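A.B. asks: Quick one, fold the following:
(one chain, ligands or ions: 1)
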Amino acid sequence: MVQNRQRKLFTNISTHSWSDADGLVRSAWSHVVFEHPKTFDTLAMDPAKKKEILDDLTMFKNGKEYYARVGKAWKRGYLLYGPPGTGKSAMIAAMANYLDYDIYDIELTSVHSNTDLRKLFIETTSKSIIVIEDIDCSLDLTGARKKKEAAADDDKKDGPPKPPDMKKDTSSKVTLSGLLNFIDGLWSACGGERLIVFTTNHVKKLDPALIRRGRMDKHIEMSYCCFEAFKFLAKTYLEVDSHGLFPAVKKLLSEVDMTPADVAENLTPKSLEDNADSCLAALVKELEKLKEDKANGRNGQGGGDDDDDDDEEDNAQAAEKDK
Ligand SMILES: Nc1ncnc2c1ncn2[C@@H]1O[C@H](COP(=O)(O)OP(=O)(O)OP(=O)(O)O)[C@@H](O)[C@H]1O
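C.D. replies: Below is the predicted model:
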């Protein structure tokens, strides 16, 4: 898709526009130029799944008349779920590059109330992707927002003037109903052409109301590396289509779980002497080590928590349900 403008990545620094000491009006959003290199051409995933997503995005982008005809707001919700390192953030970057949209990355734990959330959304523009990452960590789905302790030190630091509402106040809440209202509310029909993307590592923790079709229209499982995705990464990183070690990798990937991020890391040359042979050998060694760890009852996914197996099962069940 043609990219013809400078895209921006926005992040919320306040809950709404505010005036600093000099009377200058400052936006709730701060932005940098968005220059992420990830595109669908370098995103490793099952080719059929990738095509399905690209078709969906293309239909959305070209859907102005369709949405007007059926009387729906021109917006679409995506839920990306799967273990850490499976490419959820990479997918969002690829989406923005493909659609030529800006990204509004909302740090929900910094938003004090449902009203403030609405104010933030009202300041977003058309042709944008509104992202809330790790939605299960940001919102206690019984209604109360979790607090972010780390933010408390903010106003001790030097730097530009801080918006008054970003200082130490962690008392207010964004609730599930506030979030639902944001997705469904009347305002969301204004301006048009917005994707709303939630990501989570724990899909089962999300309230079904939040992710039902109509809100999160498309559920995408980002999974551990399959052989197809590995072949794609081998082509991208090592420029090889086939190799004597491919069968061993194929077998091992069917036996153990490794994220595309870890596969990519193993395929990255570490010295000037490294080549396809040594990188693939390193990958096989790492996969064999994972297999051994698994056989010995150790969790091989470096630093994973005890919930990993449950999460994997949950994600697999959710994917099955989504079909
Ligand atoms: N499917 C993939 N194809 C190509 N690169 C990938 C893929 N998945 C992950 N990577 C690379 O691995 C790194 C980590 O990926 P990313 O941050 O997108 O994972 P994530 O699922 O968002 O993780 P988290 O849940 O921890 O935020 C990035 O550099 C990304 O480019």
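A.B. asks: Indicate the residue of the stretch 1-150 of the chain located nearest to the ligand.
C.D. replies: As assessed by C-beta to the nearest ligand atom, the ligand sits closest to G87 within the stretch 1-150 of the chain, at 2.7 Å. Using the backbone N, CA and C atoms, a C-beta is placed for each residue, glycine as well.
A.B. asks: thinking that residue is in contact with L43, fair?
C.D. replies: Yes. G87 is within contact range of L43, at 6.3 Å (criterion: C-beta atoms under 8 Å).
A.B. asks: list residues touching both of those two?
C.D. replies: Shared contacts of G87 and L43 (C-beta atoms under 8 Å, 6 or more residues apart in numbering): none.
A.B. asks: domain assignment for this protein?
C.D. replies: Using automatic domain parsing, the domains assigned to the chain come out as 8-222, 227-317.
A.B. asks: avg pLDDT for the last one?
C.D. replies: Averaging pLDDT along domain 227-317 yields 85.
A.B. asks: same deal with the first one?
C.D. replies: On average, the pLDDT along domain 8-222 is 79.
A.B. asks: thinking again about what came up before, turn the domains of the chain into TSV, including mean neighbour count.
C.D. replies: Converted to TSV, the domains of the chain look like this (neighbours: other C-beta atoms under 10 Å):
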stretch	mean neighbour count
domain 8-222	17
domain 227-317	16
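A.B. asks: Quick check: which element contains whichever residue of the stretch 151-300 of the chain sits closest to the ligand?
C.D. replies: In the stretch 151-300 of the chain, the residue that lies nearest the ligand is A261 (3.0 Å; C-beta to the nearest ligand atom). Per DSSP states H and E, A261 falls inside helix 260-266.
A.B. asks: And the next helix or strand past that helix?
C.D. replies: Following helix 260-266 in sequence, per DSSP H and E, is helix 276-295.
A.B. asks: which helices and strands sit right next to that next one?
C.D. replies: helix 227-238, helix 246-255, helix 260-266 (3 or more C-beta pairs under 8 Å, 6 or more residues apart in numbering; DSSP states H and E).
A.B. asks: which residues sit against it?
C.D. replies: By C-beta under 8 Å, 6+ apart, helix 276-295 touches 234, 237-240, 243, 245-246, 248-249, 252-253, 255-258, 262-263, 266-269, 299-301.
A.B. asks: For that helix, list the C-alpha coordinates in PDB.
C.D. replies: Provided in PDB are the C-alpha atoms of helix 276-295 (Å, rounded to 0.1, in the frame of the first residue of the first chain):
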ATOM      1  CA  ALA A 276      23.700 -20.000   7.600                       C
ATOM      2  CA  ASP A 277      25.300 -23.300   8.700                       C
ATOM      3  CA  SER A 278      26.400 -22.000  12.100                       C
ATOM      4  CA  CYS A 279      23.200 -20.000  12.800                       C
ATOM      5  CA  LEU A 280      21.000 -23.000  12.000                       C
ATOM      6  CA  ALA A 281      23.200 -25.300  14.100                       C
ATOM      7  CA  ALA A 282      22.800 -22.800  17.000                       C
ATOM      8  CA  LEU A 283      19.100 -22.900  16.600                       C
ATOM      9  CA  VAL A 284      19.000 -26.700  16.600                       C
ATOM     10  CA  LYS A 285      21.100 -26.800  19.700                       C
ATOM     11  CA  GLU A 286      18.800 -24.300  21.500                       C
ATOM     12  CA  LEU A 287      15.700 -26.300  20.400                       C
ATOM     13  CA  GLU A 288      17.300 -29.500  21.700                       C
ATOM     14  CA  LYS A 289      18.100 -27.800  25.000                       C
ATOM     15  CA  LEU A 290      14.400 -26.800  25.300                       C
ATOM     16  CA  LYS A 291      13.400 -30.300  24.500                       C
ATOM     17  CA  GLU A 292      15.600 -31.600  27.200                       C
ATOM     18  CA  ASP A 293      14.300 -29.000  29.700                       C
ATOM     19  CA  LYS A 294      10.800 -30.000  28.800                       C
ATOM     20  CA  ALA A 295      11.600 -33.700  29.400                       C
END
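A.B. asks: Sounds good, over and out.
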